[in-house]
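> Have a look at this prediction, sequence included:
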Amino acid sequence: MKASELRAKSADEMKKELMELLRAQFSLRMQLSTQQTNKTHELRKVRRDIARVRTLMHEARTQAGN
């Protein structure tokens with residue numbers, strides 16, 4: 001997921017995307033802990049996407065305040 005794609009979304013859409021990513025992260029953590037998957041790289045991608053969404057949400061809030 002690219003930042004330019006996220007910037008085109010509204011605040012509600014970004015919140016939904018964040019919730020989906022958090023669910024995916026939880027699911028991946030559970031799969032890793034029960035040794036159902038070896039895709040450790042997926043967890044890293046999801047964590048970075050979560051950080052990207054949160055950063056853009058914060059950026060939008062600060063721009064709205066100015």
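Sure, I can see it. Numbering: from 1, shown residues only.
> longest helix anywhere in this protein?
When the chain is parsed with DSSP state H, its longest helix is helix 40-65.
> For the most centrally placed residue in the chain, give me the pLDDT.
In the chain, the C-alpha nearest the mean C-alpha coordinate belongs to I50, at 2.5 Å (Cα atoms, centre = their mean). On pLDDT, I50 comes in at 96.
> how about the longest helix of the chain: buried residues?
For helix 40-65, a neighbour-count test (16 or more other Cβ atoms under 10 Å) marks E42, L43, V46, D49, I50, R52, V53, L56, M57, A60 as buried. C-betas here are computed from N, CA, C, even on glycine.
> my guess is the third one meets L28, correct?
If I follow you right, that is V46. Yes. With contact defined as Cβ atoms under 8 Å, V46 and L28 form a contacting pair (6.3 Å).
> what about R23, distance to T37?
Per Cβ to Cβ, to the nearest Å, R23 is found 16 Å from T37.
> which of the residues in the lowest-mean-pLDDT helix or strand in the chain are buried?
The weakest-scoring helix or strand in the chain, judged by mean pLDDT, DSSP states H and E, is helix 3-7 (a mean of 82). Applying a neighbour-count criterion of 16+ other Cβ under 10 Å, one finds L6 buried in helix 3-7.
> what's it in contact with?
M14, E17, R52, V53, L56 (Cβ atoms under 8 Å, 6 or more residues apart in numbering).
> Dump the residues you listed into JSON lines; add distance to E5 as well.
Below are the contacts of helix 3-7 laid out as JSON lines (distance: Cβ to Cβ, whole Å):
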{"residue": "M14", "distance to E5": "11"}
{"residue": "E17", "distance to E5": "10"}
{"residue": "R52", "distance to E5": "10"}
{"residue": "V53", "distance to E5": "11"}
{"residue": "L56", "distance to E5": "10"}
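> where in this structure is pLDDT low?
Residues of the chain meeting the criterion pLDDT under 70: 66.
> Mind doing that once more with 80?
The chain contains residues with pLDDT under 80 at 1, 65-66.
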